[in-house]
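# can't give you the sequence, but here's the structure:
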């Protein structure tokens with residue numbers, strides 16, 4: 001992404017050569033003999049935040065090539081429409097892969113303008129393997145419990161320890177879910193979405209996806225273009241790089257975002273007392289990392305856990321004040337309490353996180369081929385680390401089970417599409433998790449799409465997060481199908497919201513809507 005301008009100029013020329021066609025096993029399901037999901041029975045499951053939420057489930061084939069074979073269950077949620085005229089279902093997905101969408105339905109319905117939300121049945125769902133859907137995967141409970149080996153393999157022993165962990169996770173998944181893993185992938189999840197559509201009795205569906213959910217939505221639209229009414233993609237995966245290359249590009253982008261955080265800390269030196277020179281603040285952060293590698297804080301936060309704690313700051317700058325306070329307390333006061341508290345809030349993984357990671361690896365490792373020669377991973381990760389050290393090795397180990405994955409990989413899906421109604425895309429220029437190139441690439445691939453860019457924005461998931469400018473375009477599209485049209489690389493621009501203020505400022509209390517959204521989106525994909 002350091003050569004973004006050059007890449008973007010040539011994007012339209014090279015796209016055709018970078019993508020393969022959909023393989024036979026990824027084509028639309030056969031109509032003959034296909035078992036249709038029964039109509040869901042909705043029950044009240046409202047919460048304090050979302051009192052009108054309803055829940056149900058549908059059964060779908062594990063293997064769509066054998067629709068009357070083994071069945072699995074998908075958990076659904078719904079906020080029903082209240083307007084006299086309905087625009088039908090609006091399926092929502094928070095990304096991941098491995099993210100639960102059940103609460104997202106309530107969030108989206110309550111965050112859209114009332115007149116717009118009233119026109120839709122907002123439908124959340126847990127994709128196959130996730131959360132309340134059955135079976136829910138949990139390959140190796142406690143896999144990321146602290147304290148893990150240092151992610152940077154500075155010695156052969158550290159590399160061996162991290163490799164052994166990754167291989168053990170792949171083996172655990174194979175032993176526990178051998179009959180399921182071949183069917184945990186994006187194409188199968190997209191077919192599930194169409195089974196949900198059928199169960200709802202809707203001739204068409206609208207879809208609103210964040211992060212990995214943008215790739216899921218694009219794959220669904222490729223398989224079932226005639227079933228798409230409206231399509232909104234926010235913070236967009238580059239489909240030409242799934243998944244190995246996309247993760248390498250993430251490393252550079254997250255490093256840039258981490259440097260932006262450190263510069264913000266330096267700018268607020270009167271609060272944090274870590275210095276006014278961003279480079280010196282960076283040196284103090286890496287000195288903290290080295291100290292934690294030698295002596296983990298409260299036997300809980302070592303070097304790898306420190307990365308787990310600060311990576312969420314690359315997704316959402318609303319976490320910056322909390323991370324900065326933990327950083328300052330550790331460096332200035334030798335007080336590890338705030339750091340451990342930040343880890344517990346942002347980095348620690350519970351049973352839900354174990355499930356999410358199990359699905360994440362299952363989908364990404366099955367979707368496409370990954371290098372099986374660890375020498376390639378080592379070479380690429382050290383090359384990235386030399387220029388962008390913040391997340392290079394942490395991300396490599398996060399995905400390393402794919403080097404040992406037991407299931408045969410599918411081929412990437414060519415999501416290019418000229419059969420859709422106008423679609424709406426949102427992308428921040430400094431997004432770390434799905435760098436800017438992804439939005440521009442998909443804008444080229446989806447003919448007739450409109451791209452709204454958040455200039456200077458670095459958050460991941462930008463609509464319904466406090467920007468009136470972005471939300472205006474979203475509301476107009478869902479209400480009337482209106483898509484902005486421009487003459488350049490994008491069609492409309494919104495300026496990024498200001499960075500947060502330190503917690504000592506009243507301004508730090510703003511942005512809670514964004515915090516709610518980013519809690520639902522999670523921190524990977």
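Cool, got the structure. Values in this document were obtained by computation on a predicted structure and should not be read as measured data. Numbers count the residues shown, from 1 in each chain.

# when you work out contacts or count neighbours from here on, use the C-alpha atoms and nothing else.
Noted.

# just give the number of residues close to residue 93.
By the measure other CA atoms under 10 Å, the count of residues near residue 93 is 31.

# which residues touch the longest helix that the chain contains?
In the chain, with assignment by DSSP state H, the single longest helix is helix 244-267. Applying CA atoms under 8 Å, 6 or more residues apart in numbering, the external contacts of helix 244-267 come out as 1-2, 237-238, 272, 274-278, 281-282, 311, 313-314, 317, 320, 324, 370, 381, 384, 387-392, 395, 430-435, 458.

# which ones among those map onto helices?
Among those, DSSP H puts 272, 278, 281-282, 313-314, 320, 324, 381, 384, 387, 392, 395 in helices.

# take these and write them to JSON lines, including neighbour count.
Rendered in JSON lines, the data for the ones in helices among the contacts of helix 244-267 read as follows (neighbours: other CA atoms under 10 Å):
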{"residue": "272", "neighbour count": "21"}
{"residue": "278", "neighbour count": "19"}
{"residue": "281", "neighbour count": "21"}
{"residue": "282", "neighbour count": "20"}
{"residue": "313", "neighbour count": "24"}
{"residue": "314", "neighbour count": "27"}
{"residue": "320", "neighbour count": "24"}
{"residue": "324", "neighbour count": "25"}
{"residue": "381", "neighbour count": "23"}
{"residue": "384", "neighbour count": "19"}
{"residue": "387", "neighbour count": "12"}
{"residue": "392", "neighbour count": "27"}
{"residue": "395", "neighbour count": "18"}
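
# for these, work out which two are farthest apart.
Taking CA to CA, the two most distant members of those are 272 and 381; they sit 32.4 Å apart.

# return the helix or strand in the protein with minimum mean pLDDT.
Ranked by mean pLDDT, DSSP states H and E, the weakest helix or strand in the chain is helix 4-9, scoring a mean of 30.

# now the longest helix of the chain: buried residues?
When neighbours are counted by 16 or more other CA atoms under 10 Å, the buried residues of helix 244-267 are found to be 244, 246-267.

# ditto for stretch 142-155
143, 144, 146, 147, 148, 149, 150, 151, 152, 153.

# distance of the nearest residue to the second one once chain neighbours are set aside relative to residue 343?
To tie it back to what came earlier, the one meant is residue 144. Beyond its immediate neighbours in the sequence, the residue positioned closest to residue 144 (CA to CA, 6 or more residues apart in numbering) is residue 349, lying 6.9 Å away. Look at residue 349 and residue 343: by CA to CA, to the nearest Å, they are 10 Å apart.

# residue 376 too?
Between residue 376 and residue 343 the distance is 31 Å, computed by CA to CA.

# more neighbours, the two?
residue 343 (22 against 10).

# shouldn't the more buried one be within a helix?
Yes - with the criterion set as DSSP: H, G, I helix; E, B strand; the rest coil, the secondary structure at residue 343 is a helix.

# ok, for residue 74, nearest residue in space, not its chain neighbours?
If the residues on either side of it in the chain are set aside, residue 74 comes closest to residue 133, at 4.5 Å by CA to CA, 6+ apart.

# farthest residue from the center of the protein?
Here the centre of the chain is the reference, and by CA atoms, centre = their mean the most remote residue is residue 333, at 35.3 Å.

# the helix or strand encompassing residue 55 pairs with which strands?
In the assignment (DSSP states H and E), residue 55 maps to strand 54-61. Strand partners for strand 54-61, identified by DSSP bridges, are recorded as strand 43-44 (antiparallel), strand 71-79 (antiparallel).

# all set, thanks.
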